[in-house]
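In: Here is a sequence with its predicted model. Questions after.
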Amino acid sequence: MDELTRRSFVKTSAGAAVTASALGAIIAEPAAAALKRTETTRARSVAGRNEHKGLVAYLPDHRSDEVAVMHGDQTVIVRDRALAARLARHAR
Amino acid sequence: MSSHREAPGTSKDPVADNTDVYAFRSPDNPDTVTFIANYLPFEAPFGGPNFFEFAPDVLYSIHIDNDGDGRADVTYDFTFEVKVANPNTFLYNVGPISTISSPNWNRKQFYTVTRTDGRGSHVLGSDLPCPPCNIGPSSTADYPALAQEAVQSLGGRRTVFAGQRLDGFYVDVGSIFDLGDLRPFENLHLASMIPPTSGVNSTNGFSVHSIALQVPLTDVTRRGKAPSDPASTDSVIGVWASASRHKAAIRGAGGLIDQVGEYVQVSRLGNPLFNEVIVPMGEKDLWNSLPPSEDRQFLQYVQHPELASLLNVLYPGVFPNLAGLSAARADLVAILLTGIPSGLVPGFQNYTGSTYADMLRLNLAIMPTSKPNALGVIGGDLAGFPNGRRVFDDVVSVELRAIAGALYPLVDSTYTPDAAASLLTDGLDQSSTSYLTTFPYLGTPQSGYATAPLSTVA
């Protein structure tokens, strides 16, 4: 899999805008500016593979601040302690 | 098996299980190279009503490394979709399928081919049709013609086929996994009391789903140069195939599954039998998830292969020189992980550098031969395995002999191989199955109607 930095991904992919808006829809707070997206990974550009509608937020470790947000054929790693804690609370 | 059900993970996910990879300079079109990646092991031809097909949720890929770092410089991706004409019948076909566009074929499959290199990704073809599976004379009466319809031009002298084929890999897996009881050597085996017999082809009659791609040599070489010098490292490519799935799968109501996230590799294959018999069980799924560039961590299993030790135990007294060979197996490292450097085999090299990476290495400057030897390089045929792999190459015998030390003198001229090392075989050869002489080279799959269930051999 190619690994792209957030910056290079934004430069090279129109799909980034979709991800950003989708994230905004589910993450009302903290403010988007406070989010620290550390990594975006996706497959090589594969035709006809971005039609997925669902979005998955995954906490690999409840004690971590890392949330993997998966949409289409990409995954955005978000470091947001408050979001992670809020999601983890629902698992108790 | 070459890589059929070779790991715990892939054994539970057959549509994403690489079974064989082939790479060879096309004998009937030598300015091109043919890559074949097979998936879906042990397809019983009568396996309906939902006959076998590529998975729409799997990313199938063929990778080429042309600078020796074990990472892909060119990748061809294949994604599939299914179009059901009438969901209100249980039938795969509602009448004879005389062409691949026949309305009688209810469950058609189409695919897209995307090529990615350092300059970006480009769709080479979309809505490309697969053939149906070979059902029987009432449904698919002229199967070779149906399959030929599915041979598609991508332009640029590229040709592609994706669909069911007869499995070209021949192996007596029934004997090999019965404690290595090779039938031609049963009289020498620790636990066997019966005389030697010929081998039994375990894949006989089974099909696979095959992706075959033929492209100009310059499509995959470093800097797009035409290979002309067999001694040049620029003439050598490394090849492997993979299958990948989305990171997450969410099962919803009505049997729907939403799959999202980046693609995660779940299967790969370069050299036949590498993950099967070199990598230990506890690391097979890990190996499948990695690119070849990460294979250094498996070096120890190549240097000291478990199978070599087993030969000494299972065939007492037959391999005394192998038993005394404690040095790291530089011969196997060359064959499987770096390529064979110049100076070991006259007129031949397929060395890609010091990066340990399991890839099928092909020296594209070596012309195909009109008189091939299925034992490849050890049979004096430099156009065969382990210089790439042709569909008929006897990779089981070659690798058995290599592991038994038959090629160790290449790296240590003082070593004398055991007499049995150069004779090892599972008792099969290319006559165990059938092939085509032209693209897509693998043979016509048996029809379900014409296939009898498995029988028992003595």
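Out: Arrived safely, thanks for sending.
In: Show the low-confidence segments of the chain, by residue range.
Out: Went with chain A since none was named. A:1-52 (pLDDT under 70).
In: my question was about chain B
Out: B:1, B:458.
In: Can you name the residue of it nearest to chain A?
Out: When distances are taken as Cβ to the nearest Cβ, chain B reaches nearest to chain A at residue B:261, 3.2 Å away. Backbone N, C-alpha and C define where each C-beta goes, glycine included.
In: Quick one: residues contacting that residue.
Out: Taking Cβ atoms under 8 Å, 6 or more residues apart in numbering or on different chains as the criterion, residue B:261 is in contact with A:56, A:68, A:70, A:71, A:73, A:74, A:75, B:246, B:247, B:248.
In: Give the buried subset of those as a ChimeraX selection command.
Out: Applying 16 or more other Cβ atoms under 10 Å in any protein chain shown to the contacts of residue B:261, the buried members can be selected in ChimeraX as follows:
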select /A:56,68,70,71,73,74,75 /B:246,247,248
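In: Might you calculate how far stretch B:280-298 sits from the centre of the chain?
Out: Centroid separation for stretch B:280-298 versus its chain: 17 Å, with Cα atoms, centre = their mean, to the nearest Å.
In: So for that stretch, what gets flagged as buried?
Out: B:284, B:285, B:287, B:288, B:289, B:290, B:291, B:292, B:294, B:295, B:298.
In: Am I right that the fourth one is in contact with residue B:275?
Out: The reference is to residue B:288. Yes - because the distance of 6.7 Å satisfies Cβ atoms under 8 Å, residue B:288 is recorded as touching residue B:275.
In: Overlap in contacts, the two.
Out: Between them, residue B:288 and residue B:275 have B:7, B:268 as joint contacts when contacts are counted by Cβ under 8 Å, 6+ apart.
In: re earlier: report the secondary structure element holding the residue of chain B closest to chain A.
Out: Counting by DSSP states H and E, the element that carries residue B:261 is strand B:257-269.
In: Contacts made by whichever helix or strand comes after that strand with the rest, please.
Out: Along the chain past strand B:257-269, the next helix or strand (assigned with DSSP H and E) turns out to be helix B:284-289. Helix B:284-289 is contacted by residues B:6-10, B:264-268, B:275, B:279, B:295, B:298 when judged by Cβ under 8 Å, 6+ apart.
In: Please apply the same query to stretch B:138-148.
Out: Contact partners of stretch B:138-148, identified using Cβ under 8 Å, 6+ apart, comprise B:92-93, B:96-100, B:131-134, B:161, B:163, B:440, B:444-445, B:447, B:449.
In: Next step: the residues you listed restricted to strands.
Out: Among these, the subset assigned to strands under DSSP state E consists of B:161, B:163.
In: Can you select the buried ones among the contacts of stretch B:138-148 for me in PyMOL?
Out: Isolation of the buried members of the contacts of stretch B:138-148 (16+ other Cβ under 10 Å) is achieved in PyMOL through the command below:
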select buried, chain B and resi 92+93+97+100+131+132+133+134+161+163+440+444+445+447
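In: Apart from its chain neighbours, what residue comes closest to the residue in chain A that chain B sits nearest to?
Out: Distances from chain A to chain B, computed as Cβ to the nearest Cβ, single out residue A:70 as the nearest residue at 3.2 Å. Take residue A:70 and drop its neighbours on the chain: the residue closest to it by Cβ to Cβ, 6 or more residues apart in numbering or on different chains is residue B:261, 3.2 Å away.
In: Alright, calling it a day.
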